[in-house]
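Student: build me a structure from this.
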Amino acid sequence: MFKSHKLIDLGKAFVNGFINWVSFNEEIGEIVDKLNQAIEEPPVKLGHRHISHPGGFGREFSRRRLSMAEAYIIITNLHDPELYEIRLQALRTLMEQSMHAKTVTMPINTARVQIYLIKEAIKSQGDRRRQMELVADFGHASFGNEALIRKFLKDYGLIEVPEEGKALKTLDLGWDDHVHDSLTEGRKTPTRVLIDAFVKGLSRITLLYNSLDDENMISEAISAGEILGITVEIGFEFSVGPGGNRRHYLYVPPLFRRSRDLLAFLKDHQEGLASFREGLQKNVENRYKCIISVLKQFNEVHLPKLNEEFSSDSACWFAPLTEQELHKIVAFGQPSREHLSELLFERFKKVFLNRVLYFKAQVMSAEKRFHKG
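Tutor: Have a look, this model is predicted:
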């Protein structure tokens with residue numbers, strides 16, 4: 001039985017290899033190899049290597065596909081709010097490369113398709129066939145053929161943006177007035193949030209924060225919007241009232257094109273905003289207490305029921321959740337329900353897999369004893 005399974009696996013590998021060989025040229029395979037190598041490099045190395053060379057990405061890889069991929073990898077891998085300038089630098093490179101051909105008739109749509117394909121190729125690490133398909137499609141999209149770009153837009157569920165030689169923010173195509181990044185309830189930095197908005201064809205988004213003090217992220221959000229041609233409003237989210245009767249509000253300051261103008265506005269009005277700033281800080285503290293309260297309630301109320309019939313030294317034991325584990329997931333910003341649910345999901349997945357294997361072994365053992373009488 002073992003040999004037959006091994007032969008089947010070898011046969012599948014041969015067939016898949018043959019399909020890839022006849023479907024893609026050698027260059028595609030080499031690009032995918034270099035792409036995966038770039039993904040696996042330490043993010044700090046990526047950041048420091050290009051910190052003083054905005055066009056440096058292209059010197060390591062001669063192909064635009066890899067230049068764009070490396071820029072996006074830097075944006076994806078660097079999460080520290082203090083590294084926002086490196087992310088913006090990588091974003092400029094990404095846009096310069098995606099908008100390289102001034103002669104194509106659909107420059108914005110071509111750029112959106114190419115960035116989408118690069119994103120998906122990086123996300124598909126581990127599925128080599130899928131990566132090669134996406135890299136090959138990127139090569140075809142680079143020529144900006146109208147019929148092909150429209151086909152890609154349709155295939156990937158993206159709207160076609162009017163090609164009027166204008167930025168997205170002037171086209172009034174769509175908006176999202178409630179967006180979170182990694183400092184609040186989101187999982188992405190402002191630059192990644194804005195890239196997603198660009199690919200979707202949005203004209204305006206409102207990024208929400210819980211504090212007036214997140215200057216680096218606010219600067220990154222507005223600057224990324226300028227690079228991508230998207231209007232970025234900054235809002236501050238807060239709650240008022242006792243539990244069970246709370247009301248949620250947003251304060252959105254006047255719109256400024258440059259981040260330093262918004263920060264100057266907040267500084268000029270710091271006296272008038274003092275009580276508001278204090279209230280935001282109380283909200284942050286109360287939100288943290290609430291998340292920790294939910295964590296403790298899970299440990300005290302639900303865990304005893306989940307752990308019935310299992311001892312603490314068993315692989316099927318569900319250990320109590322800890323604040324330290326939660327903070328590892330958060331990394332930067334404030335713990336939220338999304339972070340807590342991510343921690344729960346990872347723990348449930350691991351423990352319940354062990355339980356499935358345990359009960360499966362029990363059933364197999366019982367069946368064996370049954371057949372023996």
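Student: and the lengthiest strand in the chain, what does it pack against?
Tutor: Ranked by residue count under DSSP state E, the longest strand found in the chain is strand 231-240. Helices and strands touching strand 231-240, as assessed by 3 or more C-beta pairs under 8 Å, 6 or more residues apart in numbering; DSSP states H and E, comprise strand 204-209, helix 215-228, strand 247-251, helix 274-297. Where C-beta positions appear, they are placed from N, C-alpha and C, glycine not excepted.
Student: and that strand, which strands flank it?
Tutor: Counting by DSSP bridges, the strands paired with strand 231-240 are strand 204-209 (parallel), strand 247-251 (antiparallel).
Student: looking at those, which is buried most?
Tutor: Compared across these, strand 204-209 shows the largest average neighbour count, a mean of 22 (mean count of other C-beta atoms under 10 Å).
Student: run the chain-centre distance for it.
Tutor: Offset of strand 204-209 from its chain centre (C-alpha atoms, centre = their mean, to the nearest Å): 16 Å.
Student: angle of it against helix 215-228?
Tutor: Computed by axes from the mean of the first three to the mean of the last three C-alpha atoms, to 10 degrees, the angle separating strand 204-209 from helix 215-228 equals 170 degrees.
Student: rewinding a little: now the longest strand of the chain: how far from the chain's centre is it?
Tutor: Put simply, strand 231-240 sits 21 Å off its chain's centre (C-alpha atoms, centre = their mean).
Student: where does this structure dip in pLDDT?
Tutor: Under the criterion pLDDT under 70, the flagged ranges of the chain are 1-25, 42-65, 101-102.
Student: sorry, back to before: any chance of the helices and strands packed on strand 231-240 in CSV, with distance to Arg258 too?
Tutor: CSV is the format used below for these (distance: least, C-beta to C-beta, whole Å):
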stretch, distance to Arg258
strand 204-209, 16
helix 215-228, 7
strand 247-251, 20
helix 274-297, 22
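Student: nearest to Ile74, out of these?
Tutor: Across the helices and strands packed on strand 231-240, Ile74 has its closest neighbour in helix 215-228 (13.6 Å, C-beta to C-beta).
Student: just to check, His307 is in contact with Ala319?
Tutor: Let me fix one detail, which is that residue 307 is Asn and not His. No - assessed by C-beta atoms under 8 Å, Asn307 is found out of contact with Ala319, at 9.1 Å.
Student: of the two, which one has the most company?
Tutor: For the pair Asn307 and Ala319, the greater number of neighbours falls to Asn307 (17 against 12), based on other C-beta atoms under 10 Å.
Student: phi first, then psi, for the spatially closest residue to that one that is not a sequence neighbour.
Tutor: Spatial nearest neighbour of Asn307, chain neighbours left out: Phe318 (5.5 Å); criterion: C-beta to C-beta, 6 or more residues apart in numbering. For Phe318, the backbone dihedrals (degrees, to the nearest 10) come out as phi -90, psi 100.
Student: and Phe318, how many neighbours does it have?
Tutor: Neighbours around Phe318, by other C-beta under 10 Å: 23.
Student: can you pull the contacts of it?
Tutor: Counting by C-beta atoms under 8 Å, 6 or more residues apart in numbering, Phe318 touches 303, 306-307, 310, 347, 351.
Student: show me what the longest helix anywhere in the chain is packed against.
Tutor: Taking DSSP state H as the assignment, the helix of the chain that covers the most residues is helix 337-371. Judged by 3+ C-beta pairs under 8 Å, 6+ apart, helix 337-371 is in contact with helix 274-297, helix 323-330.
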